[in-house]
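**Q** Here is my input; please provide its structure:
(chains A and B)
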Protein chains: 2
Amino acid sequence: MYYAKVFVTLKKSIADPQGNAIKGALLSMGYDGVKDVRMGKLIEIKLEDCCSEKAREKVEKMCSTLLANAVIEDYSYEITEVQP
Amino acid sequence: MYYAKVFVTLKKSIADPQGNAIKGALLSMGYDGVKDVRMGKLIEIKLEDCCSEKAREKVEKMCSTLLANAVIEDYSYEITEVQP
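**A** Sure thing, here's the model as predicted:
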């Protein structure tokens, strides 16, 4: 069994109003020093596959076909083997 | 300058309809072997602070007071030092 942590983030050139709102809230709460906040998605996937290479290939395909919108988003992932 | 990656996930006992929808979509697209999908949030924060301990303390407090809802969500974070 494999556990994939997929990170989907907005590309740097895309405005992130949600992140800006969080930044504003943090600053108004007195957390000075906050320079930038960006909001992204974390998708945790548990999948069964024969080997880690196949699992990686599958997750890469999932990202490019469903999980991320390549026009505005970047993605990365970490895959670890776990006990079922 | 510190870069914090904050992961906010729904507690295990909380239903995750968004994750289930993604799981359903992946299965219907032919990605067999997908056992579970959970949807969470990724919040990337760049902050200036004197030392990594202070930064860690600040991020911990941000999580507990604003970024995560402790009733239904868990959080974790990674902090790394980066060049401004």
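**Q** Burial check on residue A:42, number of neighbours?
**A** The tally of other residues near residue A:42 (other Cβ atoms under 10 Å in any protein chain shown) stands at 20. Every residue, glycine included, has its C-beta placed from N, CA and C.
**Q** now do residue A:18
**A** Residue A:18 has 15 nearby residues by other Cβ under 10 Å.
**Q** Check which helices and strands the host helix or strand of it sits against.
**A** For residue A:18, the element it lies in under DSSP states H and E is helix A:17-28. Packed against helix A:17-28, as judged by 3 or more Cβ pairs under 8 Å, 6 or more residues apart in numbering or on different chains; DSSP states H and E, are the following elements: strand A:34-47, strand B:34-47.
**Q** Flag every residue of chain A that's near chain B.
**A** Contact residues (Cβ under 8 Å from any Cβ of the partner chain) of chain A with chain B: A:1, A:7-9, A:19, A:22, A:25-26, A:29, A:31, A:33-49, A:58, A:61-62, A:65-67.
**Q** Just the buried ones from these, in ChimeraX syntax?
**A** With 16 or more other Cβ atoms under 10 Å in any protein chain shown as the criterion, this ChimeraX line picks the buried residues out of the residues of chain A next to chain B:
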select /A:7,8,9,19,22,25,26,31,33,34,37,38,39,40,41,42,43,44,45,46,47,49,58,62,67
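**Q** Can you redo the helices and strands packed on helix A:17-28 as TSV, where the extra columns are distance to residue B:80 and mean pLDDT?
**A** Listed next are the helices and strands packed on helix A:17-28 as TSV, based on distance: least, Cβ to Cβ, whole Å; pLDDT from 0 to 100:
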stretch	distance to residue B:80	mean pLDDT
strand A:34-47	15	97
strand B:34-47	11	97
